[in-house]
Every structure is written in C-alpha cells, then in structure tokens.
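K.L.:
Would you be able to build a 3D model of this:
(one chain, ligands or ions: 1)
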Amino acid sequence: MLRVLVCVSGGGTNLQALIDSMESGKVRDAQIVRVISNNKGAYALERAREHHIDAVCVSPKEYPDREAFHAAFLHAVEESDPDLIVLAGFLVVLPEEMIRKYRNRILNIHPSLIPSFCGTGCYGLKVHEKALERGVKITGATVHFVDEGTDTGPIVLQKAVAVQSGDTPGTLQRRVMEEAEWELLPRAVDLFAHGKISVRDGRADVAD
Ligand code: GAR
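P.N.:
Numbering: from 1, shown residues only. Predicted structure coming up:
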C-alpha cells in the first residue's frame with residue numbers, strides 16, 4: 001500500500017477527489033496517511049477528518065522564523081513516513097531539503113497548461129485571471145513533479161479545457177477543476193502507485 005501525504009492550504013476539492021477515488025476503487029493500492037495544512041482554517045482539514053484521516057496544521061505564524069517553521073513542517077512530513085507527497089493547492093514554498101529528500105516523489109497540481117500561466121505568484125484564481133487577460137482559447141491543468149524551481153519540474157499529465165466566451169476567472173476555475181484537475185490528480189497517484197511513472201533527463205515518462 002502506497003503511503004500518501006497530502007499538503008493543502010484551502011478548500012481541498014482536489015483532496016476530496018483523491019479521497020473519493022480511493023474509496024470508489026478508482027485509485028488502488030494507495031492510502032492517505034496524513035493531511036498537512038499551513039492554514040488552521042483550511043476546509044480541507046475538515047474534509048480529511050470527516051474521512052478519519054489524520055489532519056494536522058503547521059502554521060508559519062506559530063514559529064519565530066522560516067527556519068523553525070521548515071523544521072516543524074519537515075518533522076510533520078517525516079513522521080508520516082510517506083512514499084508519495086501530493087501538493088493539492090498547497091501555497092507554501094517547500095524547504096529545499098525536502099525537495100532533495102523526496103525527489104520525483106512530490107506531485108503538484110497546477111491549474112494551467114505549464115509552461116503557460118505559472119511560476120512565482122501565479123497560483124489559484126490568478127492563473128485564470130491571467131489566462132482570460134491574454135485571451136487564450138484553451139487552458140487546462142498539469143500534474144508535475146516538484147523540483148527546486150516554481151512549476152518547473154517534470155510534467156506527468158496534462159489535460160486541455162476550452163475557454164468559453166463570457167467566462168469569469170471563477171467559472172473558468174470551476175471548469176478546469178471539474179474537467180481536468182479532479183481527474184488528473186487521482187490518475188497520477190494511481191499511476192505512481194503502480195510504478196508507471198519514470199523520470200529521465202528531467203522528463204517524466206508515463207507507461208499507461
Ligand atoms: C487548485 O485549482 C489547484 O490547482 C491550485 O489551487 C487550487 C486549490 O483548490 N494550485 C495552484 O495554483 C498551485 N500553483 P482546492 O483546495 O479546492 O483543491
């Protein structure tokens with residue numbers, strides 16, 4: 001059984017999609033062993049507890065500096081002994097030590113077709129604001145491994161979603177979640193659990 005740790009900051013609809021896929025058997029041979037949030041009020045923590053999943057908050061506000069926060073965060077990660085870490089709307093920059101230790105074992109979901117509309121400061125609703133500002137007709141979502149850059153790691157899965165006339169950032173965000181994110185993230189975890197993702201020369205290969 002693959003031990004999955006999920007890190008969240010907000011509503012947790014991607015976490016919910018993962019929980020539902022595990023409960024329905026769409027994702028097999030994987031279990032969520034812990035959910036960590038940097039934000040005490042994150043609804044994602046409630047979702048985890050409703051499903052009897054260990055849910056903890058490690059907030060930077062409770063530590064004197066970044067170093068102390070990183071140490072506490074890393075401790076909470078290591079305590080759960082994960083095989084795979086999933087960032088499901090986690091808006092904190094990871095400690096470099098963690099990226100090194102779990103190389104090609106940290107998956108992130110981003111709500112655009114990387115390399116469009118990504119990088120520092122481009123997350124959540126802002127991604128969809130930028131896509132609409134630019135007037136693209138196609139957007140989507142990407143699951144990728146996390147490396148030292150922001151949204152620069154090996155791309156695992158992508159799915160395109162059409163922009164519709166009259167879209168607002170909110171309607172576009174919802175469609176990208178429904179049509180792409182909630183499908184891609186569980187699929188990536190299932191592929192990982194079955195050893196179907198390999199990385200070579202900074203590129204991921206998926207054996208479907
Ligand atoms: C999702 O759209 C996810 O792709 C995005 O935050 C949202 C979290 O929603 N992540 C990023 O922008 C990361 N760069 P959720 O809490 O309902 O899953």
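K.L.:
Output the set of residues of this protein in proximity to the ligand.
P.N.:
Within reach of the ligand by C-beta under 6 Å from any ligand atom, the chain has these residues: 8, 10-14, 44, 88-89, 109-111, 123-124, 127, 177, 181. Heads up, the C-betas are built off the backbone N, CA and C, glycines and all.
K.L.:
Would you check that residue 176 makes contact with residue 141?
P.N.:
Yes - judged on C-beta atoms under 8 Å, residue 176 makes contact with residue 141 at a distance of 5.6 Å.
K.L.:
shared neighbours of these two, which are they?
P.N.:
Common neighbours of residue 176 and residue 141 are listed as 111, 112, 161 (criterion: C-beta atoms under 8 Å, 6 or more residues apart in numbering).
K.L.:
Which member of those is positioned nearest the ligand?
P.N.:
residue 111 (3.9 Å; C-beta to the nearest ligand atom).
K.L.:
And for the residue in the chain that the ligand sits nearest to, nearest residue in space, chain neighbours not counted?
P.N.:
The ligand sits closest to residue 89 of the chain, with a gap of 2.5 Å, by C-beta to the nearest ligand atom. Nearest residue to residue 89 in three dimensions, chain neighbours excluded: residue 10, at 5.2 Å (C-beta to C-beta, 6 or more residues apart in numbering).
K.L.:
My understanding was that the one you found contacts residue 44; is that so?
P.N.:
Yes - the pair residue 10 / residue 44 is scored as a contact, 6.4 Å apart, by C-beta under 8 Å.
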